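Visitor: just need the structure, nothing else, for what follows:
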Amino acid sequence: MRHFDMTLPKLVPKDHYSESEAASILGVSIARLHQLLDQHIFNVGSRRPPNIEFTSSDLLLLSYWNKESPSTPPDPSQKVIRIDDYK
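Guide: Model prediction:
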């Protein structure tokens, strides 16, 4: 079983964090943050809105995805086919 350090750096608590703050806290670029969002949230026809704000819970989940997801886009030949593609 793999162990993940799911703690975030000590922060001054805020209700919401901007994209640039979130990327800085996660130690990733804005492009990588957008890639994670597009890969895990805005992936079924919805577009990522501009100027997203994040909660500390959002940052925790993004931290997990960042550790689990490759930083390169998935190979299109390995595309997962959704069940409702066959309806």
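Visitor: for the protein, which segments are assigned as helices?
Guide: For the chain, applying DSSP state H gives helices covering 19-26, 30-40, 56-68.
Visitor: and of these, who's closest to Pro13?
Guide: The minimum distance between Pro13 and the helices of the chain falls on helix 56-68, with 7.4 Å, by Cβ to Cβ. All C-beta spots, glycine's among them, are computed from the backbone N, C-alpha and C.
Visitor: run through the neighbouring helices and strands of the closest one.
Guide: Applying 3 or more Cβ pairs under 8 Å, 6 or more residues apart in numbering; DSSP states H and E, we find helix 56-68 packed against helix 19-26, helix 30-40.
Visitor: coming back round to it: dump the helices of the chain into CSV; add distance to Arg48 and mean neighbour count as well.
Guide: Output for the helices of the chain, formatted as CSV (distance: least, Cβ to Cβ, whole Å; neighbours: other Cβ atoms under 10 Å):
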stretch, distance to Arg48, mean neighbour count
helix 19-26, 10, 17
helix 30-40, 5, 16
helix 56-68, 13, 15
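Visitor: mind putting those into TSV with mean pLDDT?
Guide: Putting the helices of the chain into TSV (pLDDT from 0 to 100) gives the following:
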stretch	mean pLDDT
helix 19-26	95
helix 30-40	93
helix 56-68	93
